[in-house]
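> The following block contains a protein sequence and its predicted model.
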Amino acid sequence: MPIQSRLAQVRQELTQILSLAQRCDIAALFPNRAGDFRGAIGVGTAQEIIGGLDPRMIGYYFRSGGGCGGKADSAAGKQR
């Protein structure tokens, strides 16, 4: 499947999830890594998926530190 088609599919599925999240009064975070795909989702790719969606419902969670947390993650979380 071409990457643009897959991104569109992910965006559509995410929109459905956000519809449920809104009814439950919760927001979502889109991580830069998940499972075996650590670091595979860059900020630009995430923006293609979540751009244009309500920022009150979804945001981008960038986790540095190679999955082990670390001071950089803690500092970034405290800034919000």
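Arrived safely.
> and Glu13, how many neighbours?
The number of residues packed near Glu13 is 11, by other CB atoms under 10 Å. For every residue, glycine as well, the C-beta is placed using N, CA and C.
> Contact partners for the residue nearest to Ile49 when sequence neighbours are not counted?
Of all residues beyond its chain neighbours, the one nearest Ile49 is Arg11 (5.0 Å), with distances taken as CB to CB, 6 or more residues apart in numbering. Neighbour list for Arg11: Glu48, Ile49, Ile50 [criterion: CB atoms under 8 Å, 6 or more residues apart in numbering].
> what does Tyr60 give?
Applying CB under 8 Å, 6+ apart to Tyr60 gives the contacts Leu29, Phe30, Asn32, Val43, Ala46, Gln47, Ile50.
> any chance of these in CSV, with pLDDT, distance to Ile17 and secondary structure too?
Putting the contacts of Tyr60 into CSV (pLDDT from 0 to 100; distance: CB to CB, whole Å; DSSP: H, G, I helix; E, B strand; the rest coil) gives the following:
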residue, pLDDT, distance to Ile17, secondary structure
Leu29, 87, 12, strand
Phe30, 82, 11, strand
Asn32, 73, 18, coil
Val43, 77, 20, helix
Ala46, 83, 15, helix
Gln47, 86, 18, helix
Ile50, 89, 12, helix
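> Highest neighbour count among these?
That'd be Ile50 among the contacts of Tyr60, by other CB under 10 Å, with 22 neighbours.
> Correct me if wrong: that one contacts Leu29.
No. Between Ile50 and Leu29 there is no contact under CB atoms under 8 Å: 9.8 Å.
> Between these two, which contacts overlap?
Common neighbours of Ile50 and Leu29, using CB under 8 Å, 6+ apart, are Ile58, Gly59, Tyr60.
> My reading is that Gln12 lies in a strand. Confirm?
No. Using DSSP: H, G, I helix; E, B strand; the rest coil, the assignment for Gln12 is helix, not a strand.
> And it, how close does it get to Asp25?
Using CB to CB, to the nearest Å, we find Gln12 at a distance of 23 Å from Asp25.
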